[in-house]
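Chemist: Based on what follows, work out the 3D shape:
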Amino acid sequence: MPRRGVPAAGSKKGRFAATLVAAFTLLLATIAVAPSAYADPYIGPGGEPKVEGVSGPWKKMDRPRGEESRGYLPGCPKAYVCLYVLSNQTSARNYWYIFRLYEERSYKVYDFNYNSSLQWIINNQIGGVDAMTFDGGVIGDLIACYDAPAIASETSWAFKSANWYPVWWVATDGDCNA
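Modeler: Sure thing, here's the model as predicted:
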């Protein structure tokens with residue numbers, strides 16, 4: 001006779017409980033051996049890329065290595081500056097963080113200092129406002145300037161190479177000719 005509150009092994013409740021425990025055990029075993037993109041060698045500087053005052057990246061995405069197409073990364077909407085930061089890379093995939101900056105101001109960036117030709121920026125701001133990157137030195141020297149387009153399109157695909165090493169600030173309120 002089963003104890004009070006404990007279902008008998010042959011009862012419906014007992015079979016359901018046993019099935020539930022078996023399914024949960026199988027799930028835990030699967031999770032423990034499932035491959036993870038972040039288990040592959042990490043090539044970033046020590047953390048996920050971040051922009052102060054922006055709640056996370058607009059998009060985290062992965063793409064096959066070696067693929068080159070117009071739709072490989074999303075374009076930048078009108079009135080934005082978009083930053084494309086390669087975070088991780090495996091033998092088969094690239095892992096990207098994409099930030100869309102709208103306000104015309106300076107943004108402090110963290111963990112963007114990966115030195116590669118696979119980093120991108122698009123300045124699709126209206127009104128001729130340039131975007132600039134600065135280092136973290138005492139003076140905050142200008143690293144690069146990205147001119148505003150003559151006419152901002154609804155979605156720009158005008159990717160410009162950006163070496164994020166050692167960028168500390170991105171200003172979206174600049175004038176490259178000042």
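Chemist: host element of Asp173?
Modeler: strand 167-174 (DSSP states H and E).
Chemist: Low-confidence ranges, this protein, go.
Modeler: The model of the chain has pLDDT under 70 over residues 1-46, 113, 115-116, 138.
Chemist: Try it again at 80.
Modeler: The chain contains residues with pLDDT under 80 at 1-47, 68, 70, 113-118, 136-140, 178.
Chemist: Please identify the helix or strand for the residue positioned nearest the centre of the chain.
Modeler: Against the mean C-alpha coordinate of the chain, by C-alpha atoms, centre = their mean, the closest residue is Tyr97 at 1.5 Å. For Tyr97, the element it lies in under DSSP H and E is strand 93-101.
Chemist: just Gly47 next, same as before
Modeler: Here Gly47 is assigned to no helix or strand, by DSSP H and E.
Chemist: What lies in contact with the strand holding Tyr97?
Modeler: 37, 48-49, 51, 54, 57-65, 73-74, 76-77, 80-89, 107, 118, 170, 172 (C-beta atoms under 8 Å, 6 or more residues apart in numbering). Yep, even glycine has a C-beta here, placed from its N, CA and C like the rest.
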